[in-house]
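**Student:** Fold the following.
(one chain, ligands or ions: 2)
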Amino acid sequence: MRLHLLAALAALLAAPALAHEADLTRLPLGDGKISTEPKVGFIWACRIDPNAGGAFRNGPWIKDDGTYDFTRKAVVPGDVHWPSRYSMRLEGDNRVFSLNDLPSHGTGVFPIPADSEAYRYDRNPNRIEAHDLDVVLPANPVPAPQPSCAPGAVGILLSGAVLFNALDAPGRDAVAHETQDKCQGHPQESGVYHYHSISTCIDDKRLPDGHSALVGYALDGFGIYGRYGEGGKLLSSADLDACHGHTHMIEWDGKRVMMYHYHATWDFPYTVGCLRGTWSFKNMMTISGGPPRHRGFGPFGPP
Ligand SMILES: [Zn+2]
Ligand SMILES: [Zn+2]
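**Tutor:** Numbering: from 1, shown residues only. Ligands and ions are numbered 1, 2, ... in the order given. Here you go, the predicted model:
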């Protein structure tokens, strides 16, 4: 017992040091890393729209050498709190969620204030709105014979908000280009608050063995874990398969099981590169009908 506690303490103490192993000032830009088949470090996206809106101007944090400085990105200011609703229950073979897509953490002010630095690069004119989502996922998914492409919305995070894939509407690296709030979230044109990576406002907790705890669920029902793998190793996309996951013993609904799971990384495609299990748009629908999509922000641009 005592050894167990010591190991947990050691893992906790080691966490800040390991976090600095990723150089957030020089993250590789994911633009163009789109494929039409499973490919490590790429995203196999079902659909992009080259004419859709997004940030209209590159910020100075995007460099000429194919990297960007995550720490220098313009951040949408504000700390707005919302009546977040999120619960999950197991019902037979299903994992049933009740949520309104309002996050449990503070958000920036949207539409982006005209006097903010962020507005110079991205004029997202949308406001955050509650969306009752109907989400039913397989409780104990198994890998499909073949992986499949990732749609826009690829899962939900434990903050109660939707996770989109790594791309903005025209198909660029959304984490690099889009101007987001301090929790890396923002609303799309129907007000759906979403992320394109694992929010830094969700604590990347560690299990006693150093592996990250669960941070969300993908559309195929597999778990999404934080940035640390077995033994507390900080993972990058190169450590994972083309869908951005791997299989080993993990904690799942309070039990240790041998299971496939996704990981977050600091590098592109950040979360899900393709879907390893079976999924359907029916797994996640807005109550008004249809899955949440990233269609861009509508017509806007430089003055
Ligand atoms: Zn977005
Ligand atoms: Zn793992």
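**Student:** Just give me the residue right at the centre of the protein.
**Tutor:** Ser197 (3.1 Å; Cα atoms, centre = their mean).
**Student:** low pLDDT regions in this protein?
**Tutor:** Filtered on pLDDT under 70, the chain yields the residue ranges 1-20, 49-55, 287-290, 294-303.
**Student:** Strands of the stretch 201-303 of the chain, start to end?
**Tutor:** Secondary structure of the stretch 201-303 of the chain, counting by DSSP state E, counting those that start in this stretch: strands at 214-218, 223-225, 245-252, 255-263, 284-286.
**Student:** okay if I get those strands as JSON lines plus distance to Val75 and mean neighbour count?
**Tutor:** The C-beta positions use only the backbone N, C-alpha and C, and glycine is treated the same way. Listed next are these as JSON lines, based on distance: least, Cβ to Cβ, whole Å; neighbours: other Cβ atoms under 10 Å:
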{"stretch": "strand 214-218", "distance to Val75": "21", "mean neighbour count": "24"}
{"stretch": "strand 223-225", "distance to Val75": "24", "mean neighbour count": "24"}
{"stretch": "strand 245-252", "distance to Val75": "29", "mean neighbour count": "17"}
{"stretch": "strand 255-263", "distance to Val75": "25", "mean neighbour count": "17"}
{"stretch": "strand 284-286", "distance to Val75": "28", "mean neighbour count": "20"}
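**Student:** Of these, which is nearest Ala118?
**Tutor:** strand 214-218 (25.2 Å; Cβ to Cβ).
**Student:** Next, the residues that contact the closest one from outside, please.
**Tutor:** 95, 97, 137, 154-158, 163, 198, 202, 204, 223-226, 251, 262, 264, 271-272, 275, 277, 279 (Cβ atoms under 8 Å, 6 or more residues apart in numbering).
**Student:** ok so, going back, would you format the strands of the stretch 201-303 of the chain as CSV with distance to Ala144 included?
**Tutor:** Converted to CSV, these look like this (distance: least, Cβ to Cβ, whole Å):
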stretch, distance to Ala144
strand 214-218, 12
strand 223-225, 16
strand 245-252, 13
strand 255-263, 10
strand 284-286, 17
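**Student:** what's the closest of those to Ala22?
**Tutor:** Across these, closest to Ala22 is strand 255-263 (Cβ to Cβ), at 13.1 Å.
**Student:** looking at the strands of the stretch 201-303 of the chain, which is closest to Gly66?
**Tutor:** strand 255-263 (23.2 Å).
**Student:** So what are the sheet partners of that closest one and their directions?
**Tutor:** Using DSSP bridges, the strands paired with strand 255-263 in its sheet are strand 223-225 (parallel), strand 245-252 (antiparallel).
**Student:** export those strands to JSON lines and tack on distance to Tyr119?
**Tutor:** Shown next, in JSON lines, are the strands paired with strand 255-263 (distance: least, Cβ to Cβ, whole Å):
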{"stretch": "strand 223-225", "distance to Tyr119": "31"}
{"stretch": "strand 245-252", "distance to Tyr119": "37"}
